[in-house]
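*Asks:* 3D model of this:
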Amino acid sequence: MDAIVTAGGVPLPEEPLYDATRGNPKALVDVAGKPMVQWVLDALTDASSVDNVIIVGLTEKSGLKCGKNMYYVSNQGKMVENLQAGAKKVLEINKQAEYVLIVSSDIPAINGEMVDWVVKTGLEAKVDVIYNVIQREVMEKRFPGSKRTWTRLKDLEVCGGDMNVGRIGLIVNDDTAMWEKITDSRKSPLKQAALIGFDTAFLLLTGKLTLQKAETNIMSRLNITGKAIVCPYAEVGMDVDKPHQLEIMRLDLKKRLKKAAKTAPSSPKKIKKK
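*Replies:* Numbers count the residues shown, from 1 in each chain. I've put the predicted structure just below:
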């Protein structure tokens with residue numbers, strides 16, 4: 001499966017990460033000695049399920065590296081248009097592509113095993129959209145103090161994941177109005193619920209909305225097939241939106257580098273010639 005990496009975001013002066021980026025793409029902010037998106041590319045490199053990688057929003061001048069075939073697509077301005085441009089590039093490379101992996105550039109803690117799990121789970125479902133959610137207890141155990149945006153359902157409390165699988169024909173569809181509204185309101189659970197129906201919003205407010213019911217209502221409203229998957233990996237939902245989350249990731253990935261350095265095989269000692 002091919003992967004689209006969304007990397008077009010540039011924080012504005014009034015946004016939390018502006019001081020860290022200063023007018024540059026968020027994807028290129030330094031995290032433990034690498035651009036944030038480079039960690040994502042490393043994970044895609046290690047994933048056996050990924051063939052090609054399309055980066056939307058950056059150019060070759062960014063100096064990024066990837067062990068898979070990598071293509072750049074310019075920033076289209078809005079998230080939906082960026083996804084469509086990335087999907088069209090996938091079809092240009094592989095006309096037979098049916099599904100695509102969509103990965104945000106701001107989840108640097110993912111690894112190849114997590115990517116393969118998301119791809120495998122997405123393909124097994126055989127629906128239009130697979131959307132990963134992470135339970136609050138899983139996130140807070142792995143990343144204490146991450147302060148995600150939580151949706152409180154009847155059966156569990158979750159935040160959204162930022163690595164998902166979608167049917168490519170659905171993404172390139174020209175009818176983008178609904179998708180634009182959804183992406184514009186993606187950080188507000190109540191706005192999302194109101195957008196897809198007041199019955200769903202009422203159930204959410206009264207604590208009666210289950211994950212399965214939410215899935216059924218949403219897909220019926222959008223007239224597509226889909227499935228919400230409870231993902232076991234907190235890293236899939238640990239996106240960097242605020243300064244404290246950036247610091248959490250810097251510390252976490254520094255630890256990863258130190259651990260890798262300790263477990264790496266040492267170089268053989270050179271034997272001095274007499």
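*Asks:* switch to C-alpha atoms for all contacts and neighbour counts from now on
*Replies:* Fine.
*Asks:* the nearest residue to Ala125 once chain neighbours are set aside in helix, strand or coil?
*Replies:* With CA to CA, 6 or more residues apart in numbering as the measure, Lys227 is the residue that lies nearest to Ala125, at 7.5 Å, once sequence neighbours are left out. Under the three-state scheme (DSSP: H, G, I helix; E, B strand; the rest coil), the conformation of Lys227 reads as strand.
*Asks:* and Lys227, bridged to which residues?
*Replies:* Using DSSP bridges, the beta-bridge partners of Lys227 come out as Ile130.
*Asks:* need the pLDDT of it.
*Replies:* Turning to Lys227, the model gives it a pLDDT of 93.
*Asks:* helices along the stretch 51-200 of the chain, start to end?
*Replies:* Ranges of helices in the stretch 51-200 of the chain, per DSSP state H, counting those that start in this stretch, are 79-93, 112-125, 136-142, 168-171, 177-184, 189-195, 198-205.
*Asks:* burial measure for Val50, as a count.
*Replies:* Residues within reach of Val50, counting by other CA atoms under 10 Å, total 21.
*Asks:* wait, is it part of a strand?
*Replies:* No - for Val50, which was evaluated using three-state DSSP, the result is coil, with no strand membership.
*Asks:* contacting residues around the closest residue to it other than its chain neighbours?
*Replies:* Distance criterion CA to CA, 6+ apart; nearest residue to Val50, sequence neighbours excluded, is Met1 at 5.1 Å. For Met1, the contacting residues are Ser49, Val50, Asp51, Asn52, Ala97, Tyr99, Val100, Leu101, Val119, by CA atoms under 8 Å, 6 or more residues apart in numbering.
*Asks:* can you tell me how far Met1 is from Val90?
*Replies:* 10 Å (CA to CA, to the nearest Å).
*Asks:* now do the shared contacts for those two.
*Replies:* Both Met1 and Val90 are contacted by Ala97, under the criterion CA under 8 Å, 6+ apart.
*Asks:* neighbours around the nearest residue to Gly207 once chain neighbours are set aside, how many?
*Replies:* Nearest-residue entry for Gly207: Lys154, 5.3 Å, with adjacent residues in sequence omitted and distances by CA to CA, 6+ apart. By the criterion of other CA under 10 Å, Lys154 has 15 neighbours.
*Asks:* try the one 4 residues further on
*Replies:* Burial measure for Val158: 23 neighbouring residues, criterion other CA under 10 Å.
*Asks:* equivalent analysis for Val119, please.
*Replies:* Using other CA under 10 Å, Val119 has 24 other residues around it.
*Asks:* so who does it touch?
*Replies:* With CA under 8 Å, 6+ apart as the criterion, the residues that contact Val119 are Met1, Ser49, Leu101, Val165.
*Asks:* mind checking how far Lys65 is from Leu44?
*Replies:* In this structure, Lys65 and Leu44 are 11 Å apart, going by CA to CA.
*Asks:* also Arg148?
*Replies:* If you measure Arg148 against Leu44 using CA to CA, the figure is 24 Å.
*Asks:* does the residue nearest to Ala125 touch Leu123 like I think?
*Replies:* No - the pair Lys227 and Leu123 does not pass the contact test of CA atoms under 8 Å, sitting 11.4 Å apart.
*Asks:* more neighbours, the two?
*Replies:* Here Lys227 and Leu123 are set side by side on neighbour count (other CA under 10 Å), and the busier one is Lys227, at 21 against 18.
*Asks:* quick revisit: more neighbours: which of Arg148 and Leu44?
*Replies:* Taking Arg148 and Leu44 together and counting by other CA under 10 Å, Leu44 has the greater number of neighbours (29 against 20).
*Asks:* so what touches stretch 13-33?
*Replies:* Stretch 13-33 is contacted by residues 7-12, 35-37, 62, 105-106, 241-243, 246, 249-251, 253-254 when judged by CA under 8 Å, 6+ apart.
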